[in-house]
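Asks: just the structure for this:
(2 chains)
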Amino acid sequence: MADDSRVFQVEIITPDRIFHTGGATMIEFNTAAGEIGVYKKHIPLTTVLAPGIVKIHNDGEEDVRAAVHSGFAEILPDKVTLLAEIAEWPDEIDKSRAEAAKQRAEERLAGRTEEIDIKRAEFALRKALVRLDISE
Amino acid sequence: MASMRDIKRRKGSIQSTQQITKAMKLVSTVKLQKAKNRAEQTNPYFNYMYQTVTSMLAKSGTISHPYLNRGASAKKAVIVITSNRGLAGGYNSNVTKLVTASGELPMEDVEVYAIGNKGKEALERRGYEIKMDGSSIIESPVYADAAGLCKRVLADYTAGEIGEIYLAYTHFKNTVSHEPKLIRLLPVEFDGEEMESAAQSGVLMNYEPNEEEALDMIIPKYVTSLFYGALVEAVASENGARMQAMDSATSNAEEMISDLTLKYNRARQGSITQELTEIIAGASAIS
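Replies: Got it, this is the predicted structure:
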């Protein structure tokens, strides 16, 4: 078992279910300002999530990995809560669908010029890439 | 006294109605179970969202942000969540009554975003302006649909077309009690007590990238989660209301049937007695 003084609580909540709860010694995830890693006793911080892979490390246990696409995170000294709109385990991802989505987004990015379209396509592309990455 | 045949026919028709109501009750019981589970699973997300946004706003006190101040337009958007199908007792009319009876919502200023045919029809008849009809969402509410609709409403809000956003739905307390509710989504309002306790909890929160941008991102998600939560609760309430309505319809039918059975037996007895009297009278006339 991990040393208690280094373990904090992690919760990942989505609209449809409580996705994951458990202890961790470190958690890594991607925010709008870049990837961050959080240990216990981090300063309180609320930050916006970007599509990416969440890795939860816990001593003596295997790392937990999941894809999280949008939402925000609340970090407190002894607890990290991710409120995600979409979260998926690696085995829940449909690889061929993600592949198709990636292609679609790439085509759109190559073709259109309107700003709103580009933003959406970029977001879709990032989601697809994350899905492919984690299901590998 | 009604003839035997009439009574029998009536009884038959009530019996077949009872069969329908019984079947509908069973169906809505099953649907209620499902909807209730979903509502329960949605709750943690919704509660946490509410807590976070409350504490965020409590600590950032005087921040000025378009989502926190009333828009310039006098128009008020009302999202009305009802069902697509009837036979649910007072479920639909209770929600529409909230809108029509509310003093804050004069008819000229209201734009209705209708979710559910029944509410849409009722408000249309009364002369409300229906801005959008999203009735298909209620059939099987998924988060993506809720997000899509909220995006539209929020776009209208930030464009200044509407000044306030309200949500009328049925809160699912438990299986037998549902309460129609009208809440204001935007500008965000919180009750003072919770604000204070959140402000006193003492943790100094930091925001990344910064407070304003975080609010920009989080408030739409907050509105969407409120809306999605309301949607899921409304579905549960609808099935609960229908189950109750069908339950009482079935027991009413039961009562009517037993009443008619009694009448039928009396009529049968009466006709036998009459026949006998006639035969005896005929026989005694001959002898």
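
Asks: what mean pLDDT does the lengthiest helix in chain A get?
Replies: Among the segments of chain A that qualify as a helix by DSSP state H, the longest is helix A:115-135. pLDDT averaged over helix A:115-135 equals 75, rounded to a whole number.

Asks: please apply the same query to stretch A:47-60.
Replies: Computed over stretch A:47-60, the average pLDDT equals 85.

Asks: which parts of that stretch are buried?
Replies: Buried residues in stretch A:47-60, counting neighbours by 16 or more other CB atoms under 10 Å in any protein chain shown, are found at A:47-58. (Each C-beta comes from the backbone N, C-alpha and C, glycine too.)

Asks: strands - which of the residues you listed land there?
Replies: When strands are assigned by DSSP state E, the members of those inside them are A:47-49, A:52-57.

Asks: tell me the bridge partners for the residue of chain A found nearest chain B.
Replies: Closest approach of chain A to chain B (CB to the nearest CB) occurs at residue A:47, with a separation of 4.1 Å. Per DSSP bridges, the residues bridged to residue A:47 are residue A:73, residue B:208.

Asks: quick check: it touching residue B:217?
Replies: No - in terms of CB atoms under 8 Å, residue A:47 does not count as a neighbour of residue B:217; the distance is 9.6 Å.

Asks: about what we covered before: how about the buried residues of stretch A:47-60, which pair is most distant?
Replies: When CB to CB is used, the two most widely separated members of the buried residues of stretch A:47-60 are A:48 and A:58, lying 25.3 Å apart.

Asks: on that earlier part again, and of the buried residues of stretch A:47-60, the nearest to residue B:102?
Replies: Within these, the smallest distance to residue B:102 is 35.4 Å, found for residue A:48 (CB to CB).

Asks: ok, now how distant is the one residue in the stretch 51-200 of chain B that gets nearest to chain A from residue B:186?
Replies: Evaluated by CB to the nearest CB, the stretch 51-200 of chain B has residue B:143 as its residue closest to chain A, separated by 4.6 Å. With distances taken as CB to CB, to the nearest Å, residue B:143 is found 19 Å from residue B:186.

Asks: hmm, back to that, for the residue of chain A closest to chain B, give me its contacts.
Replies: When the contact criterion is CB atoms under 8 Å, 6 or more residues apart in numbering or on different chains, the partners of residue A:47 are A:31-33, A:36, A:72-73, A:75, B:207-208, B:214.

Asks: returning to that earlier point: and residue B:143 and residue B:186? Which one has more around it.
Replies: When residue B:143 and residue B:186 are compared on other CB atoms under 10 Å in any protein chain shown, the one with more neighbours turns out to be residue B:186, at 27 against 20.

Asks: which non-adjacent residue is nearest that one?
Replies: Distances taken as CB to CB, 6 or more residues apart in numbering or on different chains put residue B:165 closest to residue B:186, at 4.4 Å, once the chain neighbours are dropped.

Asks: element containing that neighbour, please.
Replies: When elements are assigned from DSSP states H and E, residue B:165 belongs to strand B:164-172.

Asks: residues contacting the closest residue to chain A within the stretch 151-287 of chain B?
Replies: Residue nearest to chain A within the stretch 151-287 of chain B: residue B:208 (4.1 Å; CB to the nearest CB). In this structure, residue B:208 makes contact with A:31-33, A:45-48, B:214, judged by CB under 8 Å, 6+ apart.

Asks: let me see the contact set for the nearest residue to residue B:170 once chain neighbours are set aside.
Replies: Distance criterion CB to CB, 6+ apart; nearest residue to residue B:170, sequence neighbours excluded, is residue B:237 at 3.9 Å. By CB under 8 Å, 6+ apart, residue B:237 lies in contact with B:91, B:170-172, B:178.

Asks: where does pLDDT dip in chain B?
Replies: Along chain B, the parts satisfying pLDDT under 70 run over B:1-2, B:59-64, B:70-71, B:189-204.

Asks: up against chain A, what does it have?
Replies: Among all residues of chain B, those adjacent to chain A (criterion: CB under 8 Å from any CB of the partner chain) are B:38, B:41-42, B:44-46, B:48-49, B:52, B:56, B:143, B:147, B:203-209, B:213-214, B:217-218, B:221, B:225, B:228.

Asks: mind redoing it with 7 Å?
Replies: Among all residues of chain B, those adjacent to chain A (criterion: CB under 7 Å from any CB of the partner chain) are B:41-42, B:44-45, B:48-49, B:52, B:56, B:143, B:203-209, B:214, B:217-218, B:221, B:225, B:228.

Asks: right, I'll leave it there.
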